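Peer 1: Structure for the following, please:
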Amino acid sequence: MRKEDESAVQQSSTQQLQEDDSLKLMVAEVDRLYNEFSLDENLPREKVWCGVSRNDGRNGVCKYDKKLTKRRFNKHITQTETKRGHCAIVVNEKILAQGNRDGFIDTVRHELAHAICYGKYGSSQDHNANWKEMASKLGADSSSYHNKRDRSNEYKYYITCPNCSMKAGRTKRSKVIKKPFNRKCNNCGHSPLSSYEKGQNKPKKGGVVEIKSIPWNNKEEWIAERCR
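Peer 2: This next block holds a predicted model:
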């Protein structure tokens with residue numbers, strides 16, 4: 001444990017895991033997993049930042065190269081700072097408030113698995129075999145995607161960050177796909193991003209559009225297209 005408000009909640013693991021306070025319960029579970037599985041060799045405990053939110057959508061999120069400047073959020077996780085090598089995991093406390101303690105703990109383990117994979121492999125590993133192995137090790141349901149339907153088989157286009165290897169799929173040519181050079185990575189803050197379509201290699205440089213049906217490949221060509 002580090003940080004004053006987290007160290008203040010330390011008790012025995014057994015006592016902590018009986019807590020009804022979502023943040024205390026989350027910190028206790030992260031500490032327990034670190035102690036049980038010696039996770040510091042992949043990502044030091046002091047580089048994992050814990051927070052809770054009351055989001056209407058996602059059950060949990062892991063932000064890479066970020067630290068939290070507060071621990072409790074409402075709908076938006078706004079108070080973060082860039083911190084290389086650190087991870088901020090935030091879990092929706094509504095899960096616990098609705099009486100689903102097991103679901104809350106599973107989400108903590110799910111997001112921590114992403115953080116540990118980031119420390120071990122340099123990226124979240126999405127939900128691939130490496131992540132599933134880590135999630136299973138930590139006791140998370142490796143088939144769970146937090147109540148969001150898995151649409152990966154429908155994706156035709158992808159947005160990617162050359163800095164942290166973030167990749168997100170899209171089913172349509174949205175604005176972010178057409179103009180990734182105007183976007184900033186939500187994980188690490190890097191800009192510009194790149195986009196490409198299914199079946200193509202992921203661009204290694206930022207600001208690239210590798211999609212045959214779009215008549216520009218970068219911002220300069222997009223500007224020239226607008227001026228025609």
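
Peer 1: center of the protein - which residue?
Peer 2: Cys62 (3.0 Å; C-alpha atoms, centre = their mean).

Peer 1: So that residue, which state does it fall into?
Peer 2: Here Cys62 takes the strand state, with states given by DSSP: H, G, I helix; E, B strand; the rest coil.

Peer 1: so Ser165 touches Asp126, yeah?
Peer 2: No. If you go by C-beta atoms under 8 Å, Ser165 and Asp126 don't touch, sitting 9.5 Å apart. The C-beta positions use only the backbone N, C-alpha and C, and glycine is treated the same way.

Peer 1: neighbour-wise, which of these two wins?
Peer 2: Between Ser165 and Asp126, Ser165 has the larger neighbour count (other C-beta atoms under 10 Å), namely 19 against 15.

Peer 1: Would you mind measuring from that one to Lys178?
Peer 2: Ser165 sits 22 Å away from Lys178, going by C-beta to C-beta, to the nearest Å.

Peer 1: Glu225 too?
Peer 2: Look at Glu225 and Lys178: by C-beta to C-beta, they are 11 Å apart.

Peer 1: With Asp102 instead?
Peer 2: Asp102 is 42 Å from Lys178, by C-beta to C-beta.

Peer 1: so what's the nearest residue to Lys70 once chain neighbours are set aside up against?
Peer 2: Counting by C-beta to C-beta, 6 or more residues apart in numbering, Lys70 lies nearest to Gln79, which is 4.7 Å off, once chain neighbours are set aside. By C-beta atoms under 8 Å, 6 or more residues apart in numbering, Gln79 lies in contact with 68-70, 73.

Peer 1: residue ranges with poor pLDDT in this protein?
Peer 2: Along the chain, segments meeting pLDDT under 70 span 1-19, 57, 144-151.

Peer 1: so where do the strands sit in it?
Peer 2: Applying DSSP state E to the chain gives strands spanning 48-53, 60-68, 80-92, 157-160, 167-170, 194-197, 209-210.

Peer 1: Give me the contact list for the first one.
Peer 2: The one in question is strand 48-53. 3, 6, 22-23, 26-27, 30, 66-68, 70-75, 77, 86-93, 112, 115.

Peer 1: swap in the second one?
Peer 2: By C-beta under 8 Å, 6+ apart, the list of residues contacting strand 60-68 from outside reads 49-51, 77, 79-92, 107-108, 110-112, 114-115, 118, 123-124, 146, 164, 166, 186-189.
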